[in-house]
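In: Fold the stuff below for me.
(one chain, ligands or ions: 1)
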Amino acid sequence: MSRVVEEGLSKIMIMDNVFYNPLARFNRSVGVVFIKAIGKIIGKQSLIISDAMAATGVRGIRYYLESGSIEKVYFNDMSKYAYKCILKNLSLNHMREVSIVNSFDLERYISLYKGILFDFVDVDPFGSVLPYLSPIFSNLKRREGFLAFTSTDLMTLCGINLEALKRKYGVSIIKTDFCHELAIRIILKNIFSIASYYDYVIYPLLATFENQYIRIYLRYRKSPSKIDFRNIGYIYMGERGYGYISIEDVEMLDITNVRLIGPMWLSRYIDLSFVSVMNEISSRLFEEPKIGSEYKLVGRYLSKILIDDTSIPYIYRLSKVCKNIKIPQPPIRNVIDKLMSLGYKAYRSFLYPDGIRTNASLDDLIKILREIKR
Ligand SMILES: C[S@@+](CC[C@H](N)C(=O)[O-])C[C@H]1O[C@@H](n2cnc3c(N)ncnc32)[C@H](O)[C@@H]1O
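Out: This next block holds a predicted model:
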């Protein structure tokens, strides 16, 4: 049984045995905006991109139709059902002339083209992205470009099974109230390690979490001398709350009464200037009559991201802190204003409505919460 759905400017035939998730619509809209931003940043409106695990092809099709920044799309999916479905959908969307379709295992596919052609590759597997990192970075024979990865193995990344997390991702964590933040940083640490092995430096541009999907968007460049291990380190929970330290300095940390979480990516994972460009683009797409509604939520999401600053790698959840000290939760804006007026850094986390990143100690945060309550 097949049926046709409309998503953005695309018409997509959904066929038996081919994956299509309507809930990932938002995340595909973010992808369109990301691609338009690449075009703007590198000054190229004829990008060559790859939808490397394409299923119905909806991603690559929307990227082409809605970004207006693409010359050619290379689709790939190792499933024969998906291959046929992609061809059907390309005809349905009048894109046969601007597309190439393959049906290989990802590693073979990337090695076939050596990644040379692709300004951008989208890697959207079921579950973890980890098995696909080496196939990608070992076969890229390109000096620089852009990548997007999806990971949906949130159960493991959020530490439901700590042994599995250690085994698969090489990370030890403790229970925190910000496991999605940790999940993003754990994936980035693994991308960093494998990219470094192949002499690539990575520059994270954006990471999102929506509907059980983590998406990481980054730029890579072959430049071994720029690989900086200070990006990697530990978050720790000590007597005065959370802190962080890079692996280069961890020997200096007095680990009495400290619990380490990591190793993981410690630096920013949102490039605010890149996301500002994305935000402008999404406002313009919002004005487009046929697809505006797709971009309304994207604009809102990006605006939340723009007031965050991921240079602080941990988050305090006001609801949890207030519950622990048995006081009512004050408005988050008041807490941030108070912290800033006292000279602390304080940002509202885009991941949690009650999440604050601050360099104030937990003791100081609690003191402030008690004062605000009075
Ligand atoms: C989550 S779906 C992709 C969804 C699609 N990108 C979208 O936005 O609707 C993952 C796809 O990857 C394909 N796949 C899984 N392992 C693969 C591999 N090793 N190489 C190539 N394709 C693979 C599956 O057949 C499946 O269609």
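
In: Around the ligand, which positions in the stretch 151-300 of the chain sit nearby?
Out: By CB under 6 Å from any ligand atom, no part of the stretch 151-300 of the chain sits against the ligand. Every C-beta, even on glycine, is put in place using the N, C-alpha and C of the backbone.

In: Nearest to the ligand: which residue in the stretch 151-300 of the chain?
Out: residue 152 (7.7 Å; CB to the nearest ligand atom).

In: pLDDT score assigned to that residue?
Out: Note for residue 152: predicted pLDDT of 94.

In: Quick check on it: phi, psi?
Out: phi -120, psi 10 (degrees, to the nearest 10).

In: Do a quick rundown of the helices in the protein.
Out: Secondary structure of the chain (DSSP state H): helices at 25-42, 58-67, 80-92, 106-113, 130-139, 154-157, 162-169, 179-197, 272-287, 292-306, 318-325, 332-341, 362-373.

In: Would you tell me which one of those is buried the most?
Out: Across the helices of the chain, the average number of neighbours (mean count of other CB atoms under 10 Å) peaks for helix 58-67, which reaches a mean of 26.

In: and the angle from that helix to helix 292-306?
Out: 90 degrees (axes from the mean of the first three to the mean of the last three CA atoms, to 10 degrees).

In: so where is the chain shaky, pLDDT-wise?
Out: 374 (pLDDT under 70).

In: In contact with the residue lying closest to residue 158 once chain neighbours are set aside, which residues?
Out: Spatial nearest neighbour of residue 158, excluding adjacent residues (CB to CB, 6 or more residues apart in numbering): residue 179 at 3.9 Å. Applying CB atoms under 8 Å, 6 or more residues apart in numbering, we find residue 179 in contact with 157-159, 173.

In: hmm, back to that, just so I know, which of the helices of the chain lies nearest residue 265?
Out: helix 179-197 (3.5 Å; CB to CB).

In: Send over the closest one as CSV, restricted to the C-alpha atoms.
Out: The C-alpha coordinates for helix 179-197 follow below in CSV (Å, rounded to 0.1, in the frame of the first residue of the first chain):
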residue,chain,number,x,y,z
CYS,A,179,21.1,14.2,30.3
HIS,A,180,20.2,15.6,26.8
GLU,A,181,23.0,18.2,27.2
LEU,A,182,25.3,15.3,28.1
ALA,A,183,24.1,13.2,25.2
ILE,A,184,25.0,16.0,22.7
ARG,A,185,28.4,16.4,24.3
ILE,A,186,29.1,12.6,24.4
ILE,A,187,28.3,12.3,20.7
LEU,A,188,30.5,15.3,19.9
LYS,A,189,33.4,13.8,21.9
ASN,A,190,33.1,10.6,19.8
ILE,A,191,32.9,12.6,16.5
PHE,A,192,35.9,14.6,17.7
SER,A,193,38.0,11.4,18.4
ILE,A,194,37.3,9.7,15.1
ALA,A,195,37.7,12.9,13.1
SER,A,196,41.0,13.6,14.8
TYR,A,197,42.2,10.1,14.0
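
In: Report the angle between it and helix 130-139.
Out: 30 degrees.

In: please begin residue numbering at 13 from this point
Out: Right, with 13 as the first residue, what we last looked at is helix 191-209.

In: The residue of the stretch 163-312 of the chain closest to the ligand is in contact with residue 139, isn't it?
Out: Yes. Counting by CB atoms under 8 Å, residue 164 does reach residue 139; the two are 5.8 Å apart.

In: So for those two, which residue has more residues nearby?
Out: Remark: of residue 164 and residue 139, residue 164 carries more neighbours, 19 against 13, as counted by other CB atoms under 10 Å.

In: neighbours around residue 250, how many?
Out: 17.

In: What residues does residue 152 make contact with?
Out: 122, 126-127, 210, 212, 232.

In: how about a cut-off of 6 Å?
Out: residue 127 (CB atoms under 6 Å, 6 or more residues apart in numbering).

In: how much space between it and residue 234?
Out: Separation of residue 152 from residue 234 (CB to CB, to the nearest Å) stands at 8 Å.

In: quick revisit: JSON lines for the contacts of residue 191, including distance to residue 30?
Out: Shown next, in JSON lines, are the contacts of residue 191 (distance: CB to CB, whole Å):
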{"residue": "169", "distance to residue 30": "27"}
{"residue": "170", "distance to residue 30": "29"}
{"residue": "171", "distance to residue 30": "33"}
{"residue": "185", "distance to residue 30": "36"}
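
In: Which one of those is nearest to residue 290?
Out: The closest of the contacts of residue 191, once distances to residue 290 are taken by CB to CB, is residue 169, at 24.5 Å.

In: How about the closest one, nearest residue that isn't a chain neighbour?
Out: Counting by CB to CB, 6+ apart, the residue nearest residue 169 is residue 195, at 3.7 Å.

In: Would you agree that neighbour is in contact with residue 168?
Out: No. Contact criterion CB atoms under 6 Å: residue 195 and residue 168 do not qualify, at 8.9 Å.

In: contacting residues around stretch 70-85?
Out: 20-22, 24, 40, 44, 47-48, 51, 57-61, 63, 66, 87, 105, 110-111, 134.

In: coming back round to it: please indicate which of the contacts of residue 191 has the highest neighbour count?
Out: Busiest of those [other CB under 10 Å] is residue 169, holding 25 neighbours.

In: my guess is it contacts residue 196, does it?
Out: No. In this structure residue 169 lies outside contact range of residue 196 using CB under 6 Å: 8.6 Å.

In: which residues touch residue 221?
Out: Residue 221 neighbours (CB under 6 Å, 6+ apart): residue 192.

In: and if we set it to 8 Å?
Out: 192, 195-196, 227, 363.

In: so what are the domain limits for this structure?
Out: Structural domains assigned to the chain are 15-286, 329-385, following automatic domain parsing.
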